[in-house]
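1. sequence? don't have it. structure:
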């Protein structure tokens, strides 16, 4: 099972295809993810010929980064074979970070099952691929489903298929399938809708620039947060430009953990760190002039000043009309012992 902790987002560093087909770069991404504080590093498992036909062309953001052309040609350069998978699983094990990968075809799902991955991540593009959903569900592993481009009804149908096919642990990720995704189209509240409608842990797979949206997702209770990681945004390849470099990813993790620690239990009370300031920054009743012993105290005889170690301002009415038990000098704090 995928272990989720209440109040702590499971952070996935999406290495994806940012290894450019180079095992050494893939290993660097594992170590960078671990150093940044991610809980898991995720790759992509596919056979180019099984994923795209010759007629499928590179989409908009891919054309901007790798040029126009056939998807299958680009994808062939980004495949990870079985031996590479075994090596990356070993590297993850030694680094003590969870290995995950997204399958894009049935053969790839079978490979990941054979390699005993801890969970399956289903990408947004497969949410309407019912036969594929059934294959993944039959593996009896936890499933993380991205919902980019999907309507609520499409998500409902996918959830129905997965659950009826044996998935026990399901996590839904809100996602906007654009690289980079514009902030004004992120619709983070849709993440909350997924959790409410389907009564499952929810999260966010982020494609926006920077670290702000994952941190906001953490504040909204995301159980899983996913973000692309690259060793360098200027590397050749389809996803580098919309990814975070290692130090940026570390900043994301720090931000998420800071937000989580700040959420608290919701009870309004003085924080432990505030208590020492109460007497210093609150105010008390103070003599506005010299007051003789036995003299009746009027409103004009009182002002309100720091510190808060005397009689609080809220009790002013109870002090007015009392007599001074002793002489009170100008600017002295009024104490109960001074009053007759």
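-> Sure thing, it's come through. Since we're looking at a predicted model, the values are computed, not measured.
2. doesn't residue 273 belong to a helix?
-> No: if the criterion is DSSP: H, G, I helix; E, B strand; the rest coil, then residue 273 is coil and not within a helix.
3. distance of it relative to residue 129?
-> 52 Å (C-beta to C-beta, to the nearest Å). C-beta coordinates here come from the backbone N, C-alpha and C atoms, glycine included.
4. who's more crowded, the two?
-> residue 129 (18 against 7; other C-beta atoms under 10 Å).
5. now the more buried one: phi and psi?
-> For residue 129, the backbone dihedrals (degrees, to the nearest 10) come out as phi -90, psi 80.
6. how far away is it from residue 135?
-> 9 Å.
7. repeat for residue 212
-> Following C-beta to C-beta, the distance that separates residue 212 from residue 135 is 37 Å.
8. more neighbours: the two, which one.
-> More crowded of residue 212 and residue 135, by other C-beta under 10 Å: residue 135, with 19 against 14.
9. please name the nearest non-neighbouring residue to the more buried one.
-> residue 106 (4.9 Å; C-beta to C-beta, 6 or more residues apart in numbering).
10. what segments of the protein are helices?
-> 23-36, 48-51, 60-66, 71-76, 82-95, 106-114, 130-137, 152-164, 189-198, 212-219, 246-263, 278-281, 316-319 (DSSP state H).
11. what's the closest of these to residue 177?
-> Shortest distance between residue 177 and the helices of the chain, using C-beta to C-beta, is found for helix 60-66: 9.6 Å.
12. quick one on the thing from earlier: list the contacts of the residue nearest to residue 135.
-> The contact partners of residue 106, by C-beta atoms under 8 Å, 6 or more residues apart in numbering, come to 50, 131, 132, 135.
13. of those residues, which is the nearest to residue 319?
-> Nearest member of those to residue 319, counting by C-beta to C-beta, is residue 132, at 77.6 Å.
14. how many residues are close by that closest one?
-> 19.
15. would you agree it is in contact with residue 126?
-> Yes: in this structure, residue 132 is within contact of residue 126 by C-beta atoms under 8 Å, at 5.3 Å.
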